[in-house]
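Student: sequence unavailable; structure follows:
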């Protein structure tokens, strides 16, 4: 395990092919945030603090994965702070990271969106962000932030259990793909309200993990994955 500190907020770790075999772990574990991946990440963070002085993040941690065929894997860890939410394009990723590090609950959605809105407008929201958002200003800003996300699931049963937890009249657009043993659910806001869409995304984090919220990063799945359900995937998986 080779660790390199890039700056105060970023560090890089190389895991060799032999180390991955010893840990019995693959990139899928990191995408799906399995228990094994969490244990390895904890080992990496402990070693990083001892060797290069990279301190565990106080708020949230972003992980980027680079697979090196026949060599191993590079993991890049970046600390994220509330200030980083001023770039509102990454709000959904931040929701995923907050979920992991702080234990996000449904009622915390408005707080996260309030932070995004405040950053986008360069001011504090005019309502208590810890309570369900009723502010017209907050709603208008939040709705322009994130309307698309892809979630990764271990199994079809996880997706079915997730779909059954959602309201039957939820008007989101959804597609389902499978690639390399991982199931990817594309979730688009469609004509659903932003609040209901956000709640659907947060609920997805209970059964799977966030893969991306950038549409530009999904072409690989569309090109190389198998499309299982091209439309109304959530509705069809409720059966």
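Tutor: Happy to help now that I have it. Please read all numbers here as calculations on a predicted model, not as lab measurements. Residues are numbered from 1 along each chain as shown.
Student: hey, let's count contacts and neighbours off CA atoms from now on
Tutor: Will do.
Student: where does pLDDT dip in this protein?
Tutor: Residues of the chain meeting the criterion pLDDT under 70: 58-60, 80-146, 213-217.
Student: how does it divide into domains?
Tutor: Domain assignment for the chain by automatic domain parsing gives 2-80, 81-145, 147-239.
Student: all strands for this protein, in order.
Tutor: 2-7, 10-16, 60-68, 72-80, 148-153, 173-179, 182-188, 209-212, 226-229 (DSSP state E).
Student: reformat those as a markdown table; add distance to residue 36 and mean neighbour count.
Tutor: Output for the strands of the chain, formatted as a markdown table (distance: least, Cα to Cα, whole Å; neighbours: other Cα atoms under 10 Å):
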| stretch | distance to residue 36 | mean neighbour count |
| --- | --- | --- |
| strand 2-7 | 19 | 15 |
| strand 10-16 | 14 | 19 |
| strand 60-68 | 15 | 15 |
| strand 72-80 | 15 | 19 |
| strand 148-153 | 16 | 23 |
| strand 173-179 | 21 | 20 |
| strand 182-188 | 16 | 23 |
| strand 209-212 | 14 | 22 |
| strand 226-229 | 27 | 15 |
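Student: wait, which of the ones you listed is closest to residue 47?
Tutor: Evaluated over the strands of the chain, closeness to residue 47 peaks at strand 2-7, with 8.2 Å, by Cα to Cα.
Student: follow-up on the earlier one: can I get the strands of the chain in a markdown table with distance to residue 23?
Tutor: Shown next, in a markdown table, are the strands of the chain (distance: least, Cα to Cα, whole Å):
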| stretch | distance to residue 23 |
| --- | --- |
| strand 2-7 | 15 |
| strand 10-16 | 10 |
| strand 60-68 | 16 |
| strand 72-80 | 12 |
| strand 148-153 | 21 |
| strand 173-179 | 23 |
| strand 182-188 | 20 |
| strand 209-212 | 21 |
| strand 226-229 | 29 |
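Student: of all those strands, which lies closest to residue 46?
Tutor: strand 2-7 (11.0 Å).
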